[in-house]
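Enquirer: Generate coordinates for the sequence data below:
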Amino acid sequence: MYRNKLKLILQFLLFLTCLSVVLGLKKSTDSTGLIPLVEEVKVNFKLFAQSTNDLQKAVAALNENHQSINEAKNALKNSRLAYKRVAFFLDYFFQSSSLIYNKPAKTEVEEPYMEYQEPSGFQVMEALLFDPQPWVHQKELAAQAELLASSSSDLPALLYSFTATDQQILESVRLELIRVVTLSITGYDAPELKSGIVEAEQSIRAIQKALLPLLQQSDQATVLLRQNLDATAVYLDRHPDFDSFDRMKFLTTYVLPLQEQLSNFIRFSKAELNTQSALNYEAKNIFSPDAIPLSVFPGAIKTDSKIVALGKKLFLEKALSGNLKRNCASCHHPEKYFSEPLKTSLAFDGESSVVRNAPTLVYAGFQYSQFWDGRVKSLQEQIKTVIANPQEMNGSHQVISERISSSGIYQRDFKELFPAAKENPVTIDAIASALAAYVQSLAPRNSAFDKYINGDRRAMNAQQLKGFNLFMGKGQCGSCHFAPLFNGLIPPYYKLTEYEVLGTPENADFKHPKKDQDRGRYSFFPISYYQAAFKTPTIRNVEKTAPYMHNGAFQDLYQVVDFYNKGGGAGLGLDLPGQTLSAKPLNLTEIEMQNIVSFMKSLTDNL
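Expert: Numbers count the residues shown, from 1 in each chain. This next block holds a predicted model:
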């Protein structure tokens, strides 16, 4: 029944996506790459379907025998590799049809409609096959394998009346290159198989094939792009081991220059198109400060130095509090990188404490939600909420506005910066906007890491470079703290912020952990999958922002890394069936953990 229902859903999705192509994509004379792309995709669809049939057979033969388990794992890996040859095409042109193949092995909630997306596909199968007793999951594995096989056999129907422009082809491979940089080499979608490097090679080879018909000119830029595509694929081919792969060398020597060359080619060809991503395609590469523009985030306002200066003044203004004794800096200390050195800040009464740790405000503007539980969408909403919160600023919006209005200097500044106001320009919305402008300006991007990735090869030491490779690889840190901001902004579109259930304990005693009672996002959205879920914060400037986690449980970075190394709360033995972090140990050595800490310290900015 489950399998039949899934197949009907897939057939309906297939119909919708085919219909959208026929109705939505206009024919264009600028389609040099269309016919070669379709022919290549046809071949790879067939190979992918065959690989899923092989996977079905391997799962059917699964038993307690070690050889049968290895054969099933190898069949899964081979099918994943076959999928990577068509992933860029499906993810871009037929996104709804691609959803079943490679989604994370956890239930995802589609907001704001609150629809559940049950996990399916490769990542679910990987989690089951790497269970200590995978054969006990044979029935579920068989259902997943059948789903993959039946859906992959239907893929050729997507090509009926398919048409696309060269602009769309170029954008699809551009986004696939971002996936390679931010997801494949981190092991995001194959953490147990550790096949991310060989999968990245398949993605680059697929990009090569898709671009080849468009790269027939003999000018130097085009020739260089062709050569570097091949050099990137060759480097991946020669260094397939996941744990030892030199990600920093790969980024700086191969794939970031390749991203720049591809952008230059698209620009030169006048083929710019951005239909799906929040990225600024004019940026040099994904690590450029302008790659993710502030303007895409909720409540972002066009700022200038004057409104930032006003916001900075208000940040220190005690008239914003109910008792005229507190300001924003009371909990977000500028000298502490706008964080709080206490586990949780003192409440308004000066005796009790608020519920959660005050995180840094640096890069806070680069998020789609605010607060640890993401209960508001913009900085302006957050600011107004904090001002009115009885435990924090305990201020009346009307009283606060009247107080600020009573200052002639403030009146002058607000009239100049908010001229559209018909009456008194000093409103709570204007106050919040000025403060938000100041917080948005706290994004220097001048750390040792930023200097290194942008060409200064003396900015990071050997230990920090080793730490980066571990962070983005064996440590699996980069599969939740996504590059380039190392927060929960999910690549390659950067349109969503991720929430995770880590099982952070109430205390820092790993031998006797106590379950934290904070319900996280569940208190805002009472859905079981959000129980104890929190937003993934940036780790930029984390060296300066102790203590850590939503409850301030950990005092030092090594302790934080050790917590992840042990498998989170579930790995420590806490009963956390909804934990999204793998409970399996990472098996990092003490030196490797110290190296990861060293890398994180390289993310400290000069404020």
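Enquirer: Which residue lies closest in space to the spatially most central residue of the chain, excluding its sequence neighbours?
Expert: The chain has Ile490 as the residue nearest its centroid, 2.4 Å off, counting by Cα atoms, centre = their mean. Leaving aside its sequence neighbours, Ile490 sits nearest to Leu496 (Cβ to Cβ, 6 or more residues apart in numbering; 4.9 Å). Yep, even glycine has a C-beta here, placed from its N, CA and C like the rest.
Enquirer: How many residues are close by the one you found?
Expert: When counting by other Cβ atoms under 10 Å, one arrives at 15 neighbours for Leu496.
Enquirer: didn't it look like it was pressed against Ser369?
Expert: No: Leu496 lies out of contact with Ser369 (Cβ atoms under 8 Å); the separation is 9.6 Å.
Enquirer: Now do the same contact list for the nearest residue to Pro491 once chain neighbours are set aside.
Expert: Distances taken as Cβ to Cβ, 6+ apart put Thr182 closest to Pro491, at 3.9 Å, once the chain neighbours are dropped. Residues near Thr182 by Cβ atoms under 8 Å, 6 or more residues apart in numbering: Tyr188, Ile286, Gly478, Phe482, Ala483, Pro491, Pro492.
Enquirer: The fourth one and Pro191, how far apart?
Expert: Applying Cβ to Cβ, to the nearest Å, the value for Phe482 to Pro191 is 14 Å.
Enquirer: any low-confidence regions in this structure?
Expert: Low-confidence segments of the chain (pLDDT under 70): 1-29, 105-117.
Enquirer: where along it do the strands fall?
Expert: Assigned by DSSP state E, the chain shows strands spanning 108-110, 115-117, 499-500, 534-535.
Enquirer: wait, Arg80 sits on Glu192?
Expert: No: using Cβ under 8 Å, Arg80 is not in contact with Glu192, being 11.5 Å away.
Enquirer: Was I right to think Val59 contacts Ala145?
Expert: Yes: in terms of Cβ under 8 Å, Val59 counts as a neighbour of Ala145; the distance is 4.6 Å.
Enquirer: Show me whatever sits in contact with both of the two.
Expert: Joint contacts of Val59 and Ala145 (Cβ under 8 Å, 6+ apart) are Met125.
Enquirer: In this structure Pro492 contacts Ser277, no?
Expert: Yes: Pro492 lies in contact with Ser277 (Cβ under 8 Å); the separation is 6.5 Å.
Enquirer: Compare those two (neighbour count), which wins?
Expert: Between Pro492 and Ser277, Pro492 has the larger neighbour count (other Cβ under 10 Å), namely 23 against 18.
Enquirer: For Glu500, see how far away the more buried one is.
Expert: Distance from Pro492 to Glu500, by Cβ to Cβ: 19 Å.
Enquirer: Centre of this structure to the edge, which residue is at the far end?
Expert: Outermost residue of the chain (Cα atoms, centre = their mean): Gly408, 45.1 Å.
Enquirer: just checking, Gly33 touches Ile169?
Expert: Yes: between Gly33 and Ile169 a contact is recorded at 4.8 Å, counting by Cβ under 8 Å.
Enquirer: which residues touch Gly473?
Expert: Gly473 neighbours (Cβ under 8 Å, 6+ apart): Ile185, Thr186, Gly187, Phe242, Asp243, Phe245, Arg247.
Enquirer: Among those residues, pick out the one closest to Pro132, please.
Expert: Gly187 (20.4 Å; Cβ to Cβ).
Enquirer: count of residues packed around the closest one?
Expert: As a burial measure, Gly187 scores 25 neighbours (other Cβ under 10 Å).
Enquirer: mind listing what it touches?
Expert: By Cβ under 8 Å, 6+ apart, the contact set of Gly187 is Lys194, Gly196, Phe242, Gly473, Gln476, Ser479.
Enquirer: Identify those among these that sit within helices.
Expert: The helices, defined by DSSP state H, take in Gly196 from the contacts of Gly187.
Enquirer: of the contacts of Gly187, closest to Leu588?
Expert: Closest approach to Leu588 among these (Cβ to Cβ): Gln476, at 9.7 Å.
Enquirer: Report the separation between the closest residue to Pro257 other than its chain neighbours and Gln138.
Expert: Excluding its sequence neighbours, the residue lying closest to Pro257 (Cβ to Cβ, 6+ apart) is Asn228, at 6.4 Å. Noted for Asn228: a distance of 45 Å to Gln138, by Cβ to Cβ.
Enquirer: Check Asn424 too.
Expert: Distance, Asn424 to Gln138, by Cβ to Cβ: 70 Å.
Enquirer: Return the residues in contact with the closest residue to Ile178 other than its chain neighbours.
Expert: Nearest residue to Ile178 in three dimensions, chain neighbours excluded: Pro492, at 3.7 Å (Cβ to Cβ, 6+ apart). Neighbouring residues of Pro492 by Cβ under 8 Å, 6+ apart: Leu175, Glu176, Ile178, Arg179, Thr182, Leu183, Ser277, Leu279.
Enquirer: wait, doesn't the fourth one sit right on Pro491?
Expert: Yes: applying Cβ under 8 Å as the test, Arg179 and Pro491 come out as touching, 6.6 Å apart.
Enquirer: now Phe348: how far from Arg403?
Expert: Between Phe348 and Arg403 the computed distance is 17 Å (Cβ to Cβ).
Enquirer: whoops, I mixed them up, Ser441
Expert: Taking Cβ to Cβ as the criterion, Ser441 is separated from Arg403 by 24 Å.
Enquirer: Ok, Gly578 next?
Expert: In this view, Gly578 and Arg403 are 45 Å apart by Cβ to Cβ.
Enquirer: The two: which is more packed in?
Expert: Between Gly578 and Arg403, Arg403 has the larger neighbour count (other Cβ under 10 Å), namely 19 against 16.
Enquirer: So the more buried one sits against Ala319, correct?
Expert: Yes: under the criterion of Cβ under 8 Å, Arg403 makes contact with Ala319 at 4.5 Å.
Enquirer: that older thread, who has more neighbours out of Arg80 and Glu192?
Expert: Taking other Cβ under 10 Å, Arg80 and Glu192 do not tie; Arg80 has more neighbours (28 against 16).
Enquirer: Next up, the contacts around the more buried one.
Expert: Listed by Cβ under 8 Å, 6+ apart, the contact set of Arg80 reads Asn102, Phe122, Ala190, Leu193, Ser195, Glu199.
Enquirer: OK, contacts around the fifth one?
Expert: It refers to Ser195. By Cβ under 8 Å, 6+ apart, the neighbours of Ser195 are Lys77, Arg80, Leu81, Phe242.
Enquirer: one more time with 7 Å
Expert: Contact partners of Ser195, counting by Cβ atoms under 7 Å, 6 or more residues apart in numbering, are Lys77, Arg80.
Enquirer: gap between it and His512?
Expert: Distance, Ser195 to His512, using Cβ to Cβ: 38 Å.
Enquirer: what's the answer for the fourth one, then?
Expert: In this view, Leu193 and His512 are 35 Å apart by Cβ to Cβ.
Enquirer: which residue packs closest to Glu40, ignoring adjacent ones?
Expert: Lys209 (5.1 Å).
Enquirer: What separation is there between the one you found and Arg85?
Expert: 8 Å.
Enquirer: quick one: which of those two has more around it?
Expert: Ranked by neighbour count (other Cβ under 10 Å), Lys209 and Arg85 place Arg85 first, with 22 against 18.
Enquirer: correct me, but the more buried one touches Ile204?
Expert: No: counting by Cβ atoms under 7 Å, Arg85 sits too far from Ile204 to count as a contact (10.7 Å).
Enquirer: Understood, closing this out.
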